[in-house]
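Engineer: kindly generate the corresponding structure for this input.
(2 chains)
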Amino acid sequence: MSNGTVAATEKNFYEEGTSRHKGILGWLLSTDHKRIGLMYLVTIASFFIVGVIIGVFMRLELIAPGPTIMEAQTYNTLFTLHGVIMIFLFIIPGLPAIFGNFFLPLQLGAKDVAFPRLNLLSYWIYLIGAFLVLLSLVLPGGPIDTGWTFYIPYSVRSTTNVSLAIFAAFVLGFSSILTGLNFITTVHRLRAPGMTFFRMPLFVWSTYATAWIQVIATPVIGITILLVIIERAFGVGIFDPALGGDPILFQHLFWIYSHPAVYIMILPAMGVVSEIIPTFARRTIFGYKAIAMSSLAIAFVGYLVWAHHMFTSGISDTARWIFSLLTFIVALPSGVKVFNWVATLYKGSIDPKPPFLWVMNFIVLFSIGGLTGLVVGSLSTDIHLHDTYFVVAHFHYVMFGGTGTIFFAALYYWFPKMFGKSYNIKLANVGVALFFIAFNMLYFPKFILGYMGMPRRYFDYLPEFQSLQLVSTIGSWLMLITMIIVFGNLIHSLFKGKKSHSNPWGGVTLEWHTSSPPPLENFHEIPTVNHEPYDFSQLKEMDYESK
Amino acid sequence: MLALLSGQAAARSTDTVDNVMIYIVVISVILLLGVTAAMVYFVFKYHRKKGHKPKDIHGSVILEAIWIGIPTLLVLSMFYYGYTGYKTIRAIPDDAFEINVKARMWEWEFNYENGKKTDTLFVPAKQNIKLNLESYDVNHSLYIPAFRIKEDVIAGRINYLVFNAEQTGTYDIACAEYCGLNHSMMYTAVVAMPQSEFDVWYNTKDVSAEPENIEDTSADSSAVTDSTLIGGGNQ
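Structural biologist: Have a look, this model is predicted:
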């Protein structure tokens, strides 16, 4: 409790900024990693809500066969926007930009990231990219209708604003690259005295692994997008078969980035899980090095599996079996993580508070997502399930059930640290339980629909699919209610919540060694690290008393 | 999986795929239940109580070896099973009856060796069939859910699909690769009929199947579909 009393005498980062500007400019021009993290949070969460609402409208259209509330062209536009917004504006930047920015320096015992101005520039580039996406919706030509994968030749022929929308993705890529560059340098150069690589918290490890993917993989999509824009503008015939190009080349280039990008999405989430489990089990993590190294293994092998998105595209049978084999291999490090997390609960002292319950949700939903990944990684089953609802279900379990769930877990875990407020625990528990029910109702029927032969990206469908489509649509309403509860609880607490204890959960990583919210430069004095990251014997010297 | 229970498979590939599916799903369900049960058990068993001291266990090389080793064997077996099944599905038998398939937004065209041309696929049952797939315009994918097979249909290259319908009957053909406005309405059917019936049909002259009736050359047709890309294309 001593931290709390010290904090009262000094200004936190809300009260003291990096620029002389006050109000909104004090935020938009701030180079403080915490303010930048929070600006990302507001922007990214807003886009997430837009994506959710689009999803609810798509589900409503699919409640019955035939046109229900919209035309086919509108539906095709909506599923494209749902994908573009959720992938490029929510889930790729999501965890690194929000929680990586806010907590990476704190967990390392640093005052800020290595390049604070570059960090602000990354945020501005993100805003410009987001603005271009919005612009592509309203300009003549109409919103993009190609699906978020922009497959050629369709994306060369579509008369919608494809070039502008993919240029937006190009711009957003730079935001991602610069953030990754910043994090790599921060990890290498700004660790507090005594913070060796193997004393770094696992969220730092996973964000570090992610940063390498961001820096190395993202340029490939940048090049690809430029080539598509050139193709559309000048008809040079790189990809379009009508001009002598090769559409399969586009798919390779697209997935060489977009598959590693899947690991940009999930790795930081895995890092958050590795933070939350020790804190609420109040014991050290089981298999620290195995978890840290598996992040690097995923980042590395993740580069080599892209063509499993193309098993039915006509690539050679040799390529198919090699990529299938590698796909099965990349599942192993994820399995290692799950086993170590569960083992961390053994002989712990477990207090299942909301962040921990979110993680339990994660373990079940992510495991389903991962295991169904084996089904589509296998050649025989993939040629049946490729491009069906089974794949849609699979990646929603991994992305939404995995990363999305952890987005909420991280919010509920670090909310008291970020805002210095506490939220309603009971309502938070209700949110977690409802989420589990709504999620499975919304997405599990899609596994069955997929196996029954329902292809994805269908505006209309055969009558035999209707009952399961109906269940899924009802699930989407329940999910909407859940989102209102989950976000509502936090927004209400932001304004009306009680002041939080500076360390409400009894965490021991460095962000819990400072006040909540932290001061401008994070710590009164740079801490010296002489413990491993999850050594809960520190709680005594931190004067922590369990309430 | 639903079709598994109904007994007779529509095609050889149906059984192959369903068996691999069952193998992977059974192992997956066991793993999922194991992980979930262990987690829930620990949460109850080690629930935080006063005076209860947690124990710091840093890890175990033996356990890491076990849970890397066993899953490795399991996924390799899944890979192998999936691969061998796939090889039988993809193998081109010497006696395969070939049909050239052309796709365009948003219809299918089946061209037989004797010049017959249809928009529904007619095949003899219990006969190896090889479809040569090519697109006039954007990417499509020929998908026969009942046979558990699909392959993309792409302009400028010829992909193939092999099957053998065990049962006579009519099965849906869907387009599985997003191809624009009416992608979800690009359904047709494969009709598997007894060899004798097929032979009768195949050898009758049919007005709609005049060999001279080939009006498409791929360059022109893509220009036509361009104009109907947005808001048009009622079929």
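
Engineer: which non-adjacent residue is nearest A:Trp170?
Structural biologist: One correction, residue A:170 is Phe, not Trp. A:Ile225 (4.4 Å; Cβ to Cβ, 6 or more residues apart in numbering or on different chains). The C-beta positions use only the backbone N, C-alpha and C, and glycine is treated the same way.

Engineer: my guess is the one you found contacts A:Val171. True?
Structural biologist: No - counting by Cβ atoms under 8 Å, A:Ile225 stays clear of A:Val171, with 9.6 Å between them.

Engineer: residues contacting B:Asp199?
Structural biologist: Each residue near B:Asp199 by Cβ atoms under 8 Å, 6 or more residues apart in numbering or on different chains is listed here: B:Pro124.

Engineer: you'd agree it is in a helix?
Structural biologist: Yes - the assignment for B:Asp199, made by DSSP: H, G, I helix; E, B strand; the rest coil, places it in a helix.

Engineer: got phi/psi on the closest residue to chain B within the stretch 301-450 of chain A?
Structural biologist: Minimum separation of the stretch 301-450 of chain A from chain B (Cβ to the nearest Cβ) falls at A:Ser378, amounting to 3.0 Å. Main-chain torsions, A:Ser378, degrees, to the nearest 10: phi -80, psi 140.

Engineer: and the lengthiest helix in chain B, how far out from the chain middle?
Structural biologist: When chain B is parsed with DSSP state H, its longest helix is helix B:12-45. Its chain's average C-alpha position is 23 Å from that of helix B:12-45, according to Cα atoms, centre = their mean, to the nearest Å.

Engineer: that one - contacts with which helices or strands?
Structural biologist: helix A:317-344, helix A:354-377, helix A:379-385, helix B:61-90, strand B:159-164 (3 or more Cβ pairs under 8 Å, 6 or more residues apart in numbering or on different chains; DSSP states H and E).

Engineer: give me the next element, helix or strand, following the third one.
Structural biologist: Read it as helix A:379-385. helix A:389-398 (DSSP states H and E).

Engineer: contact partners of that following helix?
Structural biologist: Outside helix A:389-398, the residues touching it (Cβ under 8 Å, 6+ apart) are A:262, A:266, A:365-366, A:368-370, A:372-373, A:375-376, A:385, A:442-444, A:446-447, A:449-451, A:454-456.

Engineer: for the nearest residue to A:Trp505 once chain neighbours are set aside, give its distance to A:Gly335.
Structural biologist: Once flanking residues are discounted, A:Trp505 sits nearest to A:Thr279: 5.2 Å by Cβ to Cβ, 6+ apart. Taking Cβ to Cβ, to the nearest Å as the measure, A:Thr279 falls 23 Å from A:Gly335.

Engineer: then A:Asp543?
Structural biologist: 39 Å.

Engineer: so the two - more neighbours on which side?
Structural biologist: Each of A:Asp543 and A:Gly335 has its neighbours counted (other Cβ atoms under 10 Å in any protein chain shown); A:Gly335 has more, 22 against 12.

Engineer: nearest residue to the middle of chain B?
Structural biologist: The centroid of chain B falls nearest to B:Ile149 when counting by Cα atoms, centre = their mean (2.7 Å).

Engineer: tell me how far that one lies from chain A.
Structural biologist: Taking Cβ to the nearest Cβ, to the nearest Å as the measure, B:Ile149 falls 6 Å from chain A.

Engineer: now swap in B:Asn164 and tell me
Structural biologist: 15 Å.

Engineer: touching, B:Val20 and B:Tyr81? I think so.
Structural biologist: Yes - using Cβ under 8 Å, B:Val20 is in contact with B:Tyr81, at 5.5 Å.

Engineer: neighbour-wise, which of these two wins?
Structural biologist: The neighbour comparison of B:Val20 against B:Tyr81 (other Cβ under 10 Å) goes to B:Val20, with 25 against 19.

Engineer: contacts only, for A:Leu510.
Structural biologist: A:Leu106, A:Gln107, A:Leu108, A:Gly109, A:Ala192, A:Pro201, A:Phe523, A:Pro527, A:Val529.

Engineer: by neighbour count, which of the residues you listed wins?
Structural biologist: Result: A:Pro201 is most packed of the contacts of A:Leu510 (other Cβ under 10 Å), 29 neighbours.

Engineer: residues near A:Thr179, how many?
Structural biologist: By the criterion of other Cβ under 10 Å, A:Thr179 has 30 neighbours.

Engineer: wait, what's in contact with the closest residue to chain B within the stretch 51-200 of chain A?
Structural biologist: Using Cβ to the nearest Cβ, the closest approach of the stretch 51-200 of chain A to chain B is made by A:Tyr154 at 4.2 Å. A:Tyr154 makes contacts with A:Thr146, B:Val138, B:Asn139, B:Tyr178, B:Cys179, B:Gly180, as judged by Cβ under 8 Å, 6+ apart.

Engineer: swap the cut-off to 6 Å and go again
Structural biologist: With contact taken as Cβ atoms under 6 Å, 6 or more residues apart in numbering or on different chains, A:Tyr154 is in contact with A:Thr146, B:Val138.

Engineer: so how far is A:Gly244 from it?
Structural biologist: From A:Tyr154 to A:Gly244 the distance is 18 Å (Cβ to Cβ).

Engineer: hmm, back to that, what two of the contacts of A:Leu510 are the furthest from one another?
Structural biologist: The largest separation in those, counting by Cβ to Cβ, is between A:Pro201 and A:Phe523 at 15.4 Å.

Engineer: for chain A, what's its nearest residue on chain B.
Structural biologist: Chain A sits closest to B:Pro145 of chain B, with a gap of 2.4 Å, by Cβ to the nearest Cβ.

Engineer: in this model A:Tyr451 seems to touch that residue, though I could be wrong.
Structural biologist: No - under the criterion of Cβ atoms under 6 Å, B:Pro145 makes no contact with A:Tyr451, lying 8.7 Å away.

Engineer: got phi/psi on the residue sitting furthest away from the middle of chain B?
Structural biologist: Distance to the chain centre peaks in chain B at B:Gly51, reaching 58.5 Å (criterion: Cα atoms, centre = their mean). Main-chain dihedrals, B:Gly51, degrees, to the nearest 10: phi 80, psi 0.

Engineer: can you check the pLDDT for it?
Structural biologist: Per-residue pLDDT puts B:Gly51 at 78.

Engineer: and for residue 86, the neighbour number?
Structural biologist: Just going to use chain A. A:Met86: 25 surrounding residues under other Cβ under 10 Å.

Engineer: chain B, not that one
Structural biologist: B:Tyr86 has 25 nearby residues by other Cβ under 10 Å.

Engineer: contacting residues for it?
Structural biologist: Going by Cβ under 6 Å, 6+ apart, B:Tyr86 touches A:Leu379, A:Ser380.
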